[in-house]
Structures are given as structure tokens and as C-alpha cells.
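Student: Just to be clear, the model below is a prediction. Sequence and coordinates:
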Amino acid sequence: MNYRRLIITVLCCVCFALVSAGKAVEEEAKPPAKVYVPYKDLTGVFEQEDQGVFLPYKEFQRLWRSAQDKPAAVSEAPFEYLISTARFHGDVKAEIAVLRLDLTIDILRDGWIQVPLGLGEVAVSDVKLTDTGGAKVVPLLRVVNGRYMLVTRGKGRYVLALDFARQLETQPGLAVLKYRIPSAAITTLELLIPEENLKVDVQPMLAATTSQVEAGGAKVTRLQAFLGSSSDISLSWKPTTEAAAELEPVIICEQFQHIDVAEALISHQVAFDYNIHRGGVDSFTIRLPGEFRITDVSGANIAKWDIEAPEETDGSQKLEVKLFSAAQDKYQLAVKMERFVQEAQAEVRLAPIATEQVLRRSGLIGITTSPRRSVRLDDAADLARVDTGQLPQHLQNRPRVTAYRFITSDYAGTIVIGTTSPRITVDQRWMLGVDSDRLELHGRLRYKVERTGVFELNMNLPEPWEIETVGPEELVDDYQLKGEGQTRTLHILLRREKIGVFELRLTARAERTEPQGLVDFALPLADANDLQSYQGQLMLLLADHLRAEVQDLRQLQAMPLRQAERWTNVPGLSPVMAFEFRAIDRRQSGGAAFKVDVKPVQVSATVHRLVNIQPGSIEQEAVVQYRIRYAPLDTFYLKMPVELADSEVQITGSNIKEKPRIDELPIDQRVDVNDPNTEDVNWAYFKIVLQSNVTGNYQLKVHSRRSFGAGRTGQVVTVEAEPILAAGRLSDQNGHIAVAKADTFAIGEPVIENLIPADAGSSADLPYAAHRRIATLAFKYNAPPFELSLPVALQKEATVFTTIVSGAIIEQVFARDGVLNTHAIYLLVTSQGDRLPITLPSEAQLSAVLLNGNEAPVEKGVSSDELIVRLPPSAGQVSRFVLEISYGLKNVSASNLAAPALPEEIPIQQTLWRLWIPKDYYLLWHERVFSAISPGWCHNILQRLSKDQPIQAEFKLPGQGKNFNFIRQGAPGRLSIVAARKEIVAVVVWILIVAAGALMLRLRGFHRVLIVLAAAFVVAIVHLFTPLLVDRIVSVGWFAAFLVLLLWIAHWGFIKLPKLRQIRAGARQKVLKQAPDKRNTRDERRETKE
């Protein structure tokens, strides 16, 4: 039986799991035993007595020994009873379910036990105890509050059989069986329901199955189920209504047709959605257009499909689809068809697709096309155009998609298929460049291609243009010119099909025979085929020396140059005009004609003047910078006063052929032709002729020198700055004047006319760097003529230092025995490079003299303490040297620490002094001309002094003790300090403080406070003058001050306090003696009153 098979399978799996788990816990190191369960023939193996289970002999011995041995002690169960199984079986009769419950109960403890059975909401008709398990006490079944209870005593197993009935609950179209059940380890249910093919819902359920069996000569539904752990059970089923077997099924079909028109293929896919009512259908018949070939039929449960040849009447073909089993409720079928279309223009009949044996037919048709095909539906009958939003999601957003709906099977129409032509929009940007010998054409052609892509492009490009480039390379594969004359065409082949927006770049060139003449430009027109819109711009670019006038415009309109797009730069050419076009009539020519002329040469000049006043002479220099535009030039003119021209004037420049002096300018170079010299008859002219023409920039230099007598000191002499100017026809002339002088001259207030005072150090006011470096005064002018008079006076010559010391760095180590080691560094700046005398302290023992880190040549001086260091020659240039001197001294006093001395005429800007004293010494005072600084500040000053020096200046003596850093302005001189040993300072300070404290014991406390405050005030004043001394006294004297404070406290506690106590005791006794006398006096007064 199926029920028994299911129980045996579950029990075998549970036992196998328990045995495996126990073995794994007890013997983790042993490999798991293999148990082979013949699940396929389980019933035939385990339900026969002569069958067995094979296991290893080792396992058999272990099991045999376990069976012979004494069982291990079993611990007491954690609960009183266990309901191991609950088995329900019965059947449904009319509206009542009659069932029997076989209940197995294990009592696990001695004594009286009350077991709730959990069975409720039922009517129990009979109870039997089928197995007592050898129990001596007969159990009792009682009802408590509607619940059945089993009462018994002692351990054992009881098998109880209960017969009960339960009425069904009727709901609309549903039968429900509900009651309470005991909670058992295994609960099963077997129920017969007197109807077939029922679907039963079981709650709770672990596993359930239904089968059709015969009982009492009728077909019934048998339910077998394993129930979950729960206190309630609910069964429900829906009784079936028997349909009339003789009625035909009712079929409704909804179609979706997708017709996709590609370049050479029409794909027709049809999806059929069948709704089947009343029974099932095992075959479908569909009439399809005969022009299409069926490539695929797909659907569930298809046994086979066949096609009958197209009929001659309507040209349709019949598709027969047979199923393995009848389809019910819903069924979906998909058919794929295709047809080749090779013609550029074609018409395809839209034949209806008819589904036979269908009550109602309706559907949706979606038509899509490839970009190269155009489709329209003509002669539509019983087809309604609908929104594409009704199509499936993947078709709604496709371009050029259309949708139609039909509700009858006799719809019709004609699909007209054509070839799609591209829709092209062209925007051209032409730049026409004109130079003296050539024409350049640069084009940026922006195409916008829609509907379908293009592989090639054509445009008109008339002669005489010669193509240089057509790009870009990643887009253009090849190009060629076809035809001649004005009808010549440029054919461009693309590397791949292009659609959307893209750009082409074109450059072409044509020759010109004359720099001036007519330039007739014919506009290169885009191909008219498939052209929807055409517009563009034309920009004219000219060389600087050319100018153009519009002679004729053909279908072009002028536009502001600033609004035109300059999309590239053409070297040597600048834009001058711009035009636009928006619509071109191809029956007329398009373009423009320009009259091009050469501009006359344009020359401008800038004159950079220098007036250098030196003792005995005045040097004048003029640097004339010409700017030549539009045409080359080989002749230039200069003018200057005759007096200056008669002196020695030198005119230099590159490529000069001759430079004669002439009396007047040629007529074509005069500003006023009628008057040859209207400005001044004292002008002299020079004609500078070059060997070849020049353009762009050219420079001439004029140099003149004349004698100058300054007179005596303080006498003013006027110096006139004669103008040196460019002459001839100039478009512009400006200049800059730099005035330089010797240091012994002073210049008063200049007298100027048509000049602007300027900044002598500014590159904008004096662009010529050679003049700006030595200039004292500066002027500038925007146009000649000008006048400049300089009052010059000789002043007393000031002292000029040829050697200075930017910094002196002294490092000294002072020892206890009076030995002083010194390392001195002098940072020299000299322009003389002569012998440098140095005076050392008396009896100094020289150890080293270094110049820029190398040993320097040294000579003995006039005295024994003087030495002379030879500095390298500087040839008038400013040089920097680092001079290092090391020496030692004995028996030196701390009040006289001397450094090497330089001559008094050599200024020293700053001195940095580091002094090392023994660690057990205190520095109490130093000469106030020196300022004490911190080590960090000293390091920063040393770094700043070493900047721009040949070598790094640094302290080199090994430090001993502690260092102090000082700085002063000027020469080092000598450093005077006061230093004393720490123990001497401490003893003296302690003695003074303790002695003063002991002496003040005679004074009262208030007087002591006054003396301490006065002493603090005096110390603060002294600290302003000798801070080091006061700091040392305070740092050392705190210990003595603490001792004095203890002394004062002890004096008050041991001497003052006892005296105060005696005084207070005497006062108290005196008061007590006076108390009886006062009492007697009061008594006498009281008696007298009475």
C-alpha cells in the first residue's frame, strides 16, 4: 500500500540519521559506515522475511557485543509522558466525517499520571485500549472542561483507539473539516472523500498526496498526509460540478502580429493567446498567408505540426498543430514566417490570419521597418490605427513603428514598401585666404544625416582649386575630382556608413599671378540630391599688405565680422570681411568678386635715446627701431641738428650699402611737398640705403660723443639734448630718452617741452634694457618735436668705499685658565681686490687664514700684530669673499675679549658674536652695546648673512660649556663680560640673604615686610640695567630665602609664642584679683539703697 510505503521510507531515514549522528559523536575518528538503501525497490526488500541487510563483520561484532553486555544506566526522563504517534483514518459520509484515532502513549514515570489527549470539538462514540504493554493498572478516560484526559499509574506503553465523528462546515462552494488533535511526534491522516479528482487543502501539512480509488463501487478521493506539530487540523475541498460531456469547447483567440520590414526580408511573427472554456482542445488549425514561408512553430506540449499547400481560391496555407494532451484554460502558440523582398519598390498583400474553431477573433498588428525602408499601409479594411503604446514595451520606442487593431477575421490591406532616401542638412563654413601669390580655401562642412546613412558625398568644386587635404582620416577613405570647369564635382568616399551629425575638413589652393587684381570666388555647392537644408558662411582673409573691396555679391549677404565663426587660423592672413547664405538658387551662380590691391608701404619708428653726461664728455646714442608693413623697403632716412651732424656721428646697422648725408629729403618723402624745410633750416639728413629690401623690423644705431666742461664745483652748466629722429613719410614716431650721469654730477630741474617725465627703472617707460640699467632720469614722447635742457652742476666728491664688510661673525671659547680661542669670519664685498691689512690682539698666536675656504697668502705688516691678506684682483667688478681667521690667546681677562680689527675706513655693517664659557660659570653681566639673542635667532641671522656668499659661513669651534649669542651694529671691537664660578656666587648670595634675615629678627613683622618690599623694588630697578645678575641672584637665592623664612617661623614659635602666653596669663590673674573688689563694692551699693 502507498500509505505503508511512505511510513517505512520516513522511519528508515530517521533511524539512519540517528545512528549516524550517535556514531559521529562517540567515534569521531572512525570513518562513517556505509548503508545502502534500495530506495527504488524498498517495498520488495524490506517487506519480506527472508531478506536481510549486509554490513561489515567488524560492525556485526560490535553490535553483538553491545547486545550481550549489560545495558548502560538510563537517566530519568525529563518529562512524564510521550505521545509518540497519532494515526487518523476514516471517511466522509454526507456532511459528517467518521474517523478513528490510534494513539500511542508512553508513560515515563511511576505514580499517577494525567495525560491530556488534546482531542476536542468532536463526538467520541467508542474508546478501546488495544495494547496495555503489561501494565497492572487499567487507565481511566475522563472528560474535564470538554477535554479528554487519560489517567493511569506506572511506566508503560498504552495504545488507545478512539472512534469519533465531526460535522463538516459548509461554506459557499467549499467543504471544511476542523477539529483539535493531540500533539504527537508523528501524526498521519488517511481520509476517503466521496468525490473524485478533488484538490484538498491541509493545514498544517508536512507532506500530502491524493489518489483516485474505488470504495463501495464508487470512485472516491483518498487523502494521505503527514501533519505538522499543531493542536488543530483544518481540511477543505471544493466539490466539483460535472460538466456536460457533449458540449463543444468555447475558444477565444487574441493575436499579436509583428511585421518587420528589413532591407531584403519581411519577418512576420504571430503570437496566439487562446482562452479555452468547457473542456480541452488537442489540436489547432490556422490559415496563414501563402506568400510567407513558415520557419518555426513553438508552444507547450506540441506533438507535431504540418502545413498544407496554399489553396488556389484565396492563396492561404493551412497550419495544423497537434498536442500530446488536450489543453485547457489557456494556451499560447507562436508562429514565425518570412518572405524575401529584393525589389526597391514592392507591394505586399496583408492577408488575414484566421484561426478555425474560434468563437471570437481580435488582435493587434505592429509594423516596424529598417532605416533603409519606408512602409505605408494602403487600402486598409477593418483595420483601425491605434497608439503605439499598446504594443509590447520593446517595440514602443522603435522609430517609424505603427500599430493597427482588428476585431474581425476579414480585415485586409496592402503594405507598400519603398526605399528610404537620406535627409541631409549641410552647414558650410568657408574661409577664403588671399595672398600676393596664392589663394587658400579652408572649409568645414557639417552634415546632419537622418533616416538612413550615407557612404559617399558629392559637392561642386569648380576650377582652378587644387585639393590638398580632405579629412579627417578616420572618416574619409578616398576622394576624387570628376568633370571640368564650373561643373567639376568632388566625390568623397567614406570609410563606413555615417548617420547623424559629423564634420569634414577641406583645404584647397590656387595660384595668383599678380598681387593685385580681381578675385572671383564661386561658392562650392553641396549636392542637391536628398538635400533638405543648406546654409553657411564665407570669411575673407587677407595678408597684411593687401586690401580688398567687394566688387560683386551673388546670393551672399554681408554680416558683422565679429559674429562670424573663425574656426581655424591661417598663418599670415587676417579676417577682414564675412558673409552668410541661407538659401541658394541653383539656377543662378553663387559667390563673390573682390578687387584686391596692395597697400602702400607703412613705416613707423621708435627712437631710444641715451644722454650720458660724464666728466669731460657727453655721449649720445640713438637706437632707431623701424617697423615696416605691407611692402618691403630698402631706404630709410634720419635727421639731426647740423651741429650734431658735423661732429663725429657713427651710424651702424645690418645690411647697409651706403649712408650719404643729404641736405633735404626727396619730394616723395616730404610731409609738405611745397616747402622742402619748413621746420628748421638747421636740420641735417642722412639717407640709409640697404643692400636688399627688408620688411618687419629693422634697427639703426646712431652714436655721437662731444667734449664737456663742467666748471668748478657748484657751477651750473646747461646741457641740451639734441634730437635724433627718423625722417621721411612715417605713419608714427615715438621715443624714449634716458639720462645717465657720473656720480660727481647733480642735475637740477630739467626744462622740457612736449616730453612726459617717466620712471627710469620701468621697462614700460624705458623698454631698451641697456639704457635702463644706467639711467638716472627718463622721459618719453608720443610725437616729435621736443626740447630737453638739463642744468648740470659739479658736486663735491663723496667718499667711495671700494671694500665693505656685510657681516662679521666672531666665535670664542673662554676657558677657566684664561685661554681664549677665536674663529673670526668677515664677509667681504670689494671692487678693488687689493691688499687687506688686519690687526690681531697683542700676543695672538695665529693658526689659520682662509679665503673662500682655501688658504690665503699672508704677509707681515708694519707691526708684529698686523698681517696683510692678498685679495684676488677683481678687474673693477664687485666680488665677494669669505675671510676666516683663527688664533689663540693666553691670560685673557673676561672684561677684555678682543676680535681682529680691520682698517677704520672699511665699514662693517653687523657683528654676530658667540661666546662659550665653562659650564660651572655664571654670566653675570655683559657690555650693553651688545644685545643678547636666542640660539634660533642667531641661526637665522647666520643664514641670512651667508646668502649669496661663495661658501657657507658657520660656527666651527667645538663647543665647551654653554654658549651665549650677541649682536651689535658696526665693527666687533671688544666684548666685556663678568663671569664667576657658580659655587662662589651661591655662597656669597646665601651668606648675604641669611645674614640679612637674621638681623631682621630684632624687628617687628611689619617692619620686616617693609624691608622685603623695598628690597624687591630695588632689585626690580637693578634688573633693568643688569638683568643677568638679578636673574642669577634670584635663581640661586631662593634656597637661602626659604631658610630665612623657616628661621622666622621658628623664632615666632619658640620665642615669641611663649612670651605671648606669659603676658596673657598675667593679664588673666590681674583680672581675677580685681573681681572680688568689684563684687564688694556692688554689695555695699545695694545695702545703701535699701
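Tutor: That came through fine. Residues are numbered from 1 along each chain as shown.
Student: what's the strand or helix carrying residue 612 packed up against?
Tutor: Using DSSP states H and E, residue 612 maps to strand 602-614. In terms of contacts (3 or more CB pairs under 8 Å, 6 or more residues apart in numbering; DSSP states H and E), strand 602-614 is packed against strand 616-641, strand 725-727, strand 732-741, helix 769-772, strand 787-794. Heads up, the C-betas are built off the backbone N, CA and C, glycines and all.
Student: Mind checking these for the one nearest to residue 147?
Tutor: helix 769-772 (119.6 Å; CB to CB).
Student: What is the least confident helix or strand in this structure?
Tutor: Each helix and strand of the chain was given a mean pLDDT (mean pLDDT, DSSP states H and E); the minimum falls on helix 2-26 at a mean of 42.
Student: who wins for proximity to residue 586 among the helices and strands packed on strand 602-614?
Tutor: Among these, strand 616-641 sits nearest to residue 586 (CB to CB), with 39.8 Å.
Student: Quick one: name whatever helix or strand follows the closest one.
Tutor: Following strand 616-641 toward the C-terminus (DSSP H and E): helix 642-646.
Student: And that next one, what's buried?
Tutor: For helix 642-646, burial by neighbour count (16 or more other CB atoms under 10 Å) applies to 644-645.
Student: And for residue 430, nearest residue in space, chain neighbours not counted?
Tutor: residue 538 (4.7 Å; CB to CB, 6 or more residues apart in numbering).
Student: so how far is residue 591 from the one you found?
Tutor: To residue 591, residue 538 is 8 Å away according to CB to CB, to the nearest Å.
Student: where does the stretch 751-900 of the chain dip in pLDDT?
Tutor: Of all residues in the stretch 751-900 of the chain, those with pLDDT under 70 make up the ranges 796-801, 832-833, 874-876.
Student: What ranges does it have for its strands?
Tutor: 751-753, 756-758, 777-781, 787-794, 803-814, 820-830, 835-839, 845-851, 854-855, 858-860, 866-870, 879-889, 897-898 (DSSP state E, counting those that start in this stretch).
Student: export the fifth one as PDB, just CAs?
Tutor: Coordinates of the C-alpha atoms in strand 803-814 are reproduced here as PDB (Å, rounded to 0.1, in the frame of the first residue of the first chain):
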ATOM      1  CA  THR A 803      85.600  97.400   0.200                       C
ATOM      2  CA  ILE A 804      82.900  96.800   2.800                       C
ATOM      3  CA  VAL A 805      82.100  94.000   5.200                       C
ATOM      4  CA  SER A 806      78.500  92.900   5.100                       C
ATOM      5  CA  GLY A 807      78.900  90.900   8.300                       C
ATOM      6  CA  ALA A 808      81.500  89.900  10.900                       C
ATOM      7  CA  ILE A 809      81.000  86.500  12.700                       C
ATOM      8  CA  ILE A 810      83.100  86.100  15.900                       C
ATOM      9  CA  GLU A 811      83.200  82.800  17.800                       C
ATOM     10  CA  GLN A 812      85.300  82.500  21.000                       C
ATOM     11  CA  VAL A 813      85.800  79.800  23.600                       C
ATOM     12  CA  PHE A 814      86.900  81.100  27.000                       C
END
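Student: In contact with residue 85, which residues?
Tutor: 102-104, 184-188 (CB atoms under 8 Å, 6 or more residues apart in numbering).
Student: Lowest-confidence member of those, which is it?
Tutor: By pLDDT, residue 185 ranks lowest within the contacts of residue 85, coming in at 78.
Student: Wait, it touches residue 87, no?
Tutor: No: using CB atoms under 8 Å, residue 185 is not in contact with residue 87; the gap is 11.9 Å.
Student: Correct me if wrong, but residue 1054 is in a helix.
Tutor: Yes: assessed with DSSP: H, G, I helix; E, B strand; the rest coil, residue 1054 lies in a helix.
Student: So what's the residue count around it?
Tutor: 9 (other CB atoms under 10 Å).
Student: What's opposite the residue nearest to residue 430 in the beta bridge?
Tutor: Bridge pairing for residue 538 (DSSP bridges) gives the partners residue 430, residue 579.
Student: how near is it to residue 164?
Tutor: 108 Å.
Student: Which residue of those two possesses the greater neighbour count?
Tutor: For residue 538 versus residue 164, neighbours defined as other CB under 10 Å are more numerous around residue 538 (24 against 21).
Student: Indicate which one of the helices and strands packed on strand 602-614 is closest to residue 346.
Tutor: That would be strand 616-641 among the helices and strands packed on strand 602-614, by CB to CB, at 68.3 Å.
Student: burial of the closest residue to residue 745 other than its chain neighbours, as a residue count?
Tutor: In space, and not counting its chain neighbours, residue 745 is closest to residue 792: 5.4 Å by CB to CB, 6+ apart. Neighbour count for residue 792, taken as other CB under 10 Å: 21.
Student: ok, what's across the strand from residue 792?
Tutor: Bridge pairing for residue 792 - DSSP bridges - gives residue 717, residue 747.
Student: just checking, it touches residue 721?
Tutor: No: using CB under 8 Å, residue 792 is not in contact with residue 721; the gap is 11.4 Å.
Student: Give me the local confidence score for residue 405.
Tutor: 93.
Student: Residue 185 and residue 87 - which one has more neighbours?
Tutor: A count of neighbours by other CB under 10 Å puts residue 87 above the other of residue 185 and residue 87, at 18 against 12.
Student: May I have the beta-bridge partners of the more buried one?
Tutor: residue 102, residue 188.
Student: what residues are up against it?
Tutor: Taking CB under 8 Å, 6+ apart, one finds 101-103, 187-188, 190 in contact with residue 87.
Student: any idea how far it lies from residue 188?
Tutor: Taking CB to CB, one finds residue 87 at 5 Å from residue 188.
Student: for the stretch 601-750 of the chain, which spans come out with low pLDDT?
Tutor: For the stretch 601-750 of the chain (pLDDT under 70), the answer is 672-681.
Student: tell me the secondary structure for residue 944?
Tutor: helix.
Student: If you could redo that for residue 1058, that was the one I meant.
Tutor: Residue 1058 ends up helix, using three-state DSSP.
Student: any idea how far it lies from residue 1005?
Tutor: Applying CB to CB to residue 1058 and residue 1005 gives a distance of 17 Å.
Student: Equivalent analysis for residue 124, please.
Tutor: The gap separating residue 124 from residue 1005 is 115 Å, by CB to CB.
Student: Could you do residue 963 as well?
Tutor: From residue 963 to residue 1005 the distance is 46 Å (CB to CB).
Student: Helices of the stretch 851-1000 of the chain, start to end?
Tutor: 935-946, 982-999 (DSSP state H, counting those that start in this stretch).
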